[in-house]
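[1] Pasting the sequence and the predicted model now:
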Number of protein chains: 2
Amino acid sequence: MTQKLGTDLHHVVSKDEAAELALFLDDLNEIARETILPYFRTGLSIDDKGDGLGGVRHYDPVTKADKLCEEAVRAKIEEKYPEHGIFGEEHGVKPSQNGLTWVIDPIDGTRAFVTGMPLWGVLIGLYDGRKAVMGTMDQPYTGERFFGGPMGAYIERDGQRRDIKTSTVTDVAQASIYTTHPHMFENNAEKTAYTALAKKCQLERFGGDCYAYAMLAHGLIDIVLESSLQPYDIVALIPIVEAAGGVITTWSGGPAHNAGQVIAAATPQLHKQALSYLKDAAN
Amino acid sequence: MTQKLGTDLHHVVSKDEAAELALFLDDLNEIARETILPYFRTGLSIDDKGDGLGGVRHYDPVTKADKLCEEAVRAKIEEKYPEHGIFGEEHGVKPSQNGLTWVIDPIDGTRAFVTGMPLWGVLIGLYDGRKAVMGTMDQPYTGERFFGGPMGAYIERDGQRRDIKTSTVTDVAQASIYTTHPHMFENNAEKTAYTALAKKCQLERFGGDCYAYAMLAHGLIDIVLESSLQPYDIVALIPIVEAAGGVITTWSGGPAHNAGQVIAAATPQLHKQALSYLKDAAN
């Protein structure tokens, strides 16, 4: 079941506040990198969920790094902004006292993580009580950080920052489409809708995880389609896609921050066209 | 159709020769990195195959980088070892005069490349007229180089070299399996065999390209299953998998260097078990 973000308080982030929060986001990402990297590709990091599989590359692995990272990031937020809310994958929800909530998935793409693929990412997003306003997708191993917010969308690596923008593709026949796994769709309606859309696309690939949204923002992928998402899977990615010029919503065209069925597209025209394939399956 | 490697001459590589050739392989990889990296994620690199799609992320893209890289690598080989053969994806076959042939795929995983995913690799392998004896998978963007040959299997990054070895998984029920795309299988028999095996595995993922074999050698993936491969897709990866302790063959258990249907497994026991699922589809 999809958890919902609270919507009682609304905090409008000013320009000065945004600049301060973006710097803080960098601090959080540095903490996350340091915590997680020692566990990547070590083979020592898989937690056993008690299903008798002995922790050997569990189907839904929760790594020690996942938990430690979220703890470290939460502690830093609580120290600096005790009035802010926190919505994390591993350690649940702390309600916001001022409307701002940090939405955290310490390792999005745990299956990529445990199989050594550098497509997982640290997702940290900021929700203002109405919408996702700022977010980062950080890939500690490749050293890439994707940012989206009021100051634009960019990739930062090796101290160099470059603005990114989505592609100009407007027609599904020219589009590339990514989804994490063909089995991620919940029911036949979802599967049928996905297949109809993917068939029309020029290129279909699997396995992108959060990295696919970053590549969409970078102009290299045109559509990302997923289902069964939680807010912490997507809130950080919304500002990156939007600030890069893309459109990201639910399959019925609503705001994406409450997750579930999510579609991201490079242009409004492409988004509209893609939605028409999804309407029979949209919740 | 699968092209075949020549098998007329056999050149046994001595220990001293192997050391020299491994250094030369590093030189070739440096040339490849320099040639390819400027084209990655630039959006300027897609060649139009003349199908009217205007080169917009072509379904089977051949990038300019692909061609330039193979030309540069071939030139270096012809300068240093004019008697060696060359078998490349882009510029065909130069017969060997002494039994040794360099087998090159300048960008394996072109679909990963054009969508920005760092899972493509430069594959350079050495075939001695009977078998693949040495090879590298280089990922220029992440700065990783995987080597396999008489001196072992290792990953090199940022000047640091670490030995790698396959996992100890012996049972498909504990195994993770990767294949590049569910549609890569040629016929129903292949598809049925793949599905039967994948269903028994603990974790199934798509989209690994050559990177999946490197992660298998690294002990993070247990089975990689593919079909319709060409020799240049696999020759470089065979010594990496084998030197790391894995087994790599065709689906019928024959040598993998002539490509077609290929399976790699972490252990001999796992390989034997996996083959039993494939026998009705094996050529």
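    It's in.
[2] counting contacts, what elements does the helix or strand in which residue A:75 is found pack onto?
    Assigned by DSSP states H and E, residue A:75 belongs to helix A:64-80. If contacts are counted by 3 or more CB pairs under 8 Å, 6 or more residues apart in numbering or on different chains; DSSP states H and E, helix A:64-80 sits against helix A:15-36, strand A:85-88, strand A:101-108. Backbone N, C-alpha and C define where each C-beta goes, glycine included.
[3] ok, the shortest one: who's next to it in the sheet?
    Strands adjacent to strand A:85-88 in the sheet, as given by DSSP bridges, are strand A:92-94 (antiparallel), strand A:101-108 (parallel).
[4] Just the pLDDT for the residue of chain A found nearest chain B.
    Residue nearest to chain B within chain A (CB to the nearest CB): residue A:207, separated by 2.9 Å. Looking at residue A:207, its pLDDT reads 87.
[5] do the one 5 residues further on as well
    Residue-level confidence at residue A:212 comes out at 97, pLDDT.
[6] Does it lie in a helix or a strand, and which?
    Residue A:212 belongs to helix A:209-217, assigned by DSSP H and E.
[7] is that helix up against chain B anywhere?
    Yes. Interface with chain B: helix A:209-217 contributes A:211, A:215 (CB under 8 Å from any CB of the partner chain).
[8] which residues does the closest residue in space to residue A:85 that isn't next to it in sequence contact?
    Excluding its sequence neighbours, the residue lying closest to residue A:85 (CB to CB, 6 or more residues apart in numbering or on different chains) is residue A:96, at 2.8 Å. Each residue near residue A:96 by CB atoms under 8 Å, 6 or more residues apart in numbering or on different chains is listed here: A:6, A:9, A:11, A:83-85, A:129.
[9] Could you tell me the end-to-end distance of stretch A:194-209?
    End-to-end distance for stretch A:194-209: 16 Å, by CA to CA, to the nearest Å.
[10] Pull out the buried positions in it.
    Buried positions in stretch A:194-209, judged by neighbour count with 16 or more other CB atoms under 10 Å in any protein chain shown: A:194, A:197-198, A:200-209.
[11] Can you report how many residues neighbour the closest residue to residue A:126 other than its chain neighbours?
    Of all residues beyond its chain neighbours, the one nearest residue A:126 is residue A:134 (4.4 Å), with distances taken as CB to CB, 6+ apart. Using other CB atoms under 10 Å in any protein chain shown, residue A:134 has 28 neighbouring residues.
[12] In a strand, residue A:134, correct?
    Yes. Using DSSP: H, G, I helix; E, B strand; the rest coil, the secondary structure at residue A:134 is a strand.
[13] in the stretch 101-250 of chain A, which spans are helices?
    Secondary structure of the stretch 101-250 of chain A (DSSP state H, counting those that start in this stretch): helices at A:110-114, A:188-200, A:209-217, A:231-234, A:237-243.
[14] and the contacts of residue A:96, which of them are in strands?
    Of the contacts of residue A:96, the ones assigned to strands by DSSP state E are residue A:85.
[15] Type out the PyMOL command that picks the buried ones from the contacts of residue A:96.
    Selection of buried members from the contacts of residue A:96 for PyMOL, criterion 16+ other CB under 10 Å:
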select buried, chain A and resi 9+11+84+85+129
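[16] can the contacts of residue A:96 go into CSV with extra columns for distance to residue A:41 and pLDDT?
    As requested, the contacts of residue A:96 are exported to CSV (distance: CB to CB, whole Å; pLDDT from 0 to 100):
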residue, distance to residue A:41, pLDDT
A:6, 37, 69
A:9, 42, 90
A:11, 39, 94
A:83, 38, 96
A:84, 33, 97
A:85, 34, 96
A:129, 39, 95
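[17] now stretch A:123-134, how far from the centre of its chain.
    Mean C-alpha position of stretch A:123-134 versus that of the full chain (CA atoms, centre = their mean, to the nearest Å) differs by 11 Å.
[18] Quick one: end-to-end distance for that stretch.
    Start-to-end, stretch A:123-134 (CA to CA) is 11 Å.
[19] cool, stretch A:226-236 as well?
    15 Å.
[20] Show me what counts as buried in that stretch.
    For stretch A:226-236, by 16+ other CB under 10 Å, it's A:226-236.
[21] any idea of the pLDDT on the most centrally placed residue in chain A?
    The structure's chain A has its C-alpha centroid closest to residue A:234; by CA atoms, centre = their mean the separation is 3.7 Å. Residue A:234 carries a pLDDT score of 97 in this model.
[22] any idea how far residue A:231 is from residue A:89?
    Distance, residue A:89 to residue A:231, using CB to CB, to the nearest Å: 10 Å.
[23] Good, we can wrap up now.
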